[in-house]
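> next come a sequence and a model predicted from it.
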Amino acid sequence: MGRLFGTDGARGIAISELTCETAMNIGRAAALVLTKTTNKKPKILIGKDTRISGDVLEAALVAGICSVGADAHILGVVPTPAVALLVKKYGADAGVMISASHNPVEFNGIKLFSGEGFKLPDSIENEIEELVLDNPENICLSSGTLIGRVVYEKNAEWDYVRHIMKTIDGDFRGLKVAIDCANGASSSCAEKLFKGMGANCIFINNTPDGTNINKECGSTDMRALCKAVVDNKCNLGLAFDGDADRCLACDENGTVIDGDKMLAIFSKYMKARGTLKHNACVVTVMTNLGFFKFAKEAGVIVATTGVGDRYVLEEMQRGGYNLGGEQSGHIIFLDDANTGDGELSGAKLMEILAHTKVKASDLGGVMSAYPQILINVEITADKKGKWQEDEAITACIESYKAKLGDDGRILIRESGTEPLVRVMIEGKNNGIITEYATNIAEKIREFCSK
């Protein structure tokens, strides 16, 4: 993880931490680094979610991009995967998404995509970081007629929606679905997509006002969706996050179907149809042990990576796989998209419901999840990386690992997107793993308070 970019772009409290100056300089540096081999005037797409700070950061990025001679093409409010798709469709040299994904409204972020529509590798992000933080004097500004232009792409949302429609086999007539848009980037296009495919839709949290994105809604808070599904007798519920690159679901009983279970459903279905390349699925170290048990029984090969959809994607490209994702709902269908796409995942799940004619609860029963406890501990910048060296913390962790043995596991890591240490313990006994996770979290809090 770099000084400017984390596991999913640059992110921080909008304007005070992720400042306009930083955004402008990222725009300049990204335009120079990502377009240095082009022989024409560079073209960079910019999308955003519904945060109140999005307009301000967009203006700063546009200023930076155009000031070094590149054209800025504004997509407006679109999901992150729309930027990844359209950057290639529109023949752009790069793409930028302004979003802090699932984070609260006070955060915002900048995600960068190559001309092929993929998130940038560490080496390219490091090159951009060095230009912004170490060598800003190497940024050459344009002037006169060489300054970039601003172009507004009016068909971006529909071009994205039509692409997803083309990837779906069949229609959704006869299915009733509740959809939670998290007051975010999917608030408009989800209606075009799912109604356009014939579904009977009930939308909630689809009226963004700039301040209510991810607020007690979406994939980070499923309570409202689960209630809406049960109250309205829906077949399925879908919940997106702020930039709609994640999707979680719930069945007709209001029981959550997380990313691991969705991957199990997709793996089984695609394997049966002969479309699961190498009969393999890529997951992360956070994936529930229940998925590995399912995969062994189903004959699905599992490749495991570090946490972050960019690492999932890298492994998929390396191994020639076409399905991978995370428990959080980042799911990548590499035959159809270059990044996690919540609306595509939701549509694929509805496709399976339509084809199999079974209940969502039956689909969700494909795997049994082990109890899993996750506790987030806030950490200050000066303590990052140092808590792992504290003897009291390490001794506590090793003791519990020995007690769990082969019946569980402990995974503790710093978040790549928030100032948090995530304590995750998995095992057969919910009471025991809760006790262990609570004690480890308290040890970390004590260290951070010193």
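Perfect, I can see it now.

> was I right to think residue 268 contacts residue 298?
Yes: counting by C-beta atoms under 8 Å, residue 268 does reach residue 298; the two are 5.8 Å apart. Any C-beta I mention is one placed from the backbone N, CA and C, and that applies to glycine too.

> these two: who's more crowded?
Neighbours were counted for residue 268 and for residue 298 using other C-beta atoms under 10 Å; residue 268 has more, 21 against 16.

> ok, residues contacting the strand or helix carrying the more buried one?
Residue 268 belongs to helix 259-273 when assigned by DSSP states H and E. Applying C-beta atoms under 8 Å, 6 or more residues apart in numbering, the contact partners of helix 259-273 are 246-249, 257, 276, 279, 281, 283, 287-288, 290-291, 294-295, 298-300, 323-331, 333, 345, 348-349, 352, 356, 363-364, 366-367, 369.

> next step: those restricted to helices.
Counting by DSSP state H, these place 290, 291, 294, 295, 298, 345, 348, 349, 352, 356, 363, 364 in helices.

> what residues does the nearest residue to residue 380 once chain neighbours are set aside make contact with?
Spatial nearest neighbour of residue 380, excluding adjacent residues (C-beta to C-beta, 6 or more residues apart in numbering): residue 448 at 6.3 Å. Counting by C-beta under 8 Å, 6+ apart, residue 448 makes contact with 377, 378, 379, 380, 383, 387.

> hang on, the first one is in a strand, isn't it?
Yes: applying DSSP: H, G, I helix; E, B strand; the rest coil, one finds residue 377 inside a strand.

> hmm, it is touching residue 418, no?
No: Residue 377 lies out of contact with residue 418 (C-beta under 8 Å); the separation is 11.0 Å.

> low-confidence ranges in the chain?
Where the chain drops to pLDDT under 70, the residues are 1-2.

> need the longest helix for it.
Counting by DSSP H, the longest helix found in the chain is helix 430-448.

> report the buried residues of that helix.
Applying a neighbour-count criterion of 16 or more other C-beta atoms under 10 Å, one finds 432, 433, 436, 437, 440, 441, 443, 444, 447, 448 buried in helix 430-448.

> repeat that for stretch 418-434.
Using 16+ other C-beta under 10 Å as the test for burial, stretch 418-434 gives 418, 421, 422, 423, 424, 425, 426, 427, 432, 433.

> how big is the angle separating the helix or strand harbouring the fourth one from helix 289-298?
With the criterion set as DSSP H and E, the secondary-structure element containing residue 423 is strand 420-427. Taking axes from the mean of the first three to the mean of the last three C-alpha atoms, to 10 degrees, strand 420-427 and helix 289-298 form an angle of 50 degrees between their directions.

> sheet partners, orientation included, of strand 420-427?
Sheet pairing of strand 420-427 (DSSP bridges) gives strand 372-378 (antiparallel), strand 408-414 (antiparallel).

> can you lay out those as TSV showing mean neighbour count and distance to residue 224?
Shown next, in TSV, are those (neighbours: other C-beta atoms under 10 Å; distance: least, C-beta to C-beta, whole Å):
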stretch	mean neighbour count	distance to residue 224
strand 372-378	17	21
strand 408-414	18	30
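
> dump these into TSV; add distance to residue 242 as well.
Below are these laid out as TSV (distance: least, C-beta to C-beta, whole Å):
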stretch	distance to residue 242
strand 372-378	18
strand 408-414	22
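
> so which of those gets nearest residue 95?
Nearest of these to residue 95, taken as C-beta to C-beta: strand 408-414 at 27.5 Å.

> tell me what the one helix or strand residue 189 maps to is packed against?
Per DSSP H and E: residue 189 is located in helix 186-196. In terms of contacts (3 or more C-beta pairs under 8 Å, 6 or more residues apart in numbering; DSSP states H and E), helix 186-196 is packed against helix 156-167, strand 176-180, strand 200-204, helix 342-356.

> give me that answer again for 6 Å
Applying 3 or more C-beta pairs under 6 Å, 6 or more residues apart in numbering; DSSP states H and E, one finds that helix 186-196 contacts helix 156-167.

> who are the packing partners of the helix it packs on?
With contacts taken as 3+ C-beta pairs under 6 Å, 6+ apart, helix 156-167 sits against helix 80-89, helix 186-196.

> go again using 8 Å as the cut-off
Helices and strands touching helix 156-167, by 3+ C-beta pairs under 8 Å, 6+ apart, are strand 71-77, helix 80-89, helix 186-196, helix 342-356.

> distance to residue 41 and mean neighbour count added to those, as JSON lines?
As requested, those are exported to JSON lines (distance: least, C-beta to C-beta, whole Å; neighbours: other C-beta atoms under 10 Å):
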{"stretch": "strand 71-77", "distance to residue 41": "6", "mean neighbour count": "21"}
{"stretch": "helix 80-89", "distance to residue 41": "16", "mean neighbour count": "26"}
{"stretch": "helix 186-196", "distance to residue 41": "29", "mean neighbour count": "22"}
{"stretch": "helix 342-356", "distance to residue 41": "32", "mean neighbour count": "23"}
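
> now the ones you listed in JSON lines, with distance to residue 129?
Formatted as JSON lines, the helices and strands packed on helix 156-167 follow (distance: least, C-beta to C-beta, whole Å):
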{"stretch": "strand 71-77", "distance to residue 129": "21"}
{"stretch": "helix 80-89", "distance to residue 129": "21"}
{"stretch": "helix 186-196", "distance to residue 129": "30"}
{"stretch": "helix 342-356", "distance to residue 129": "28"}
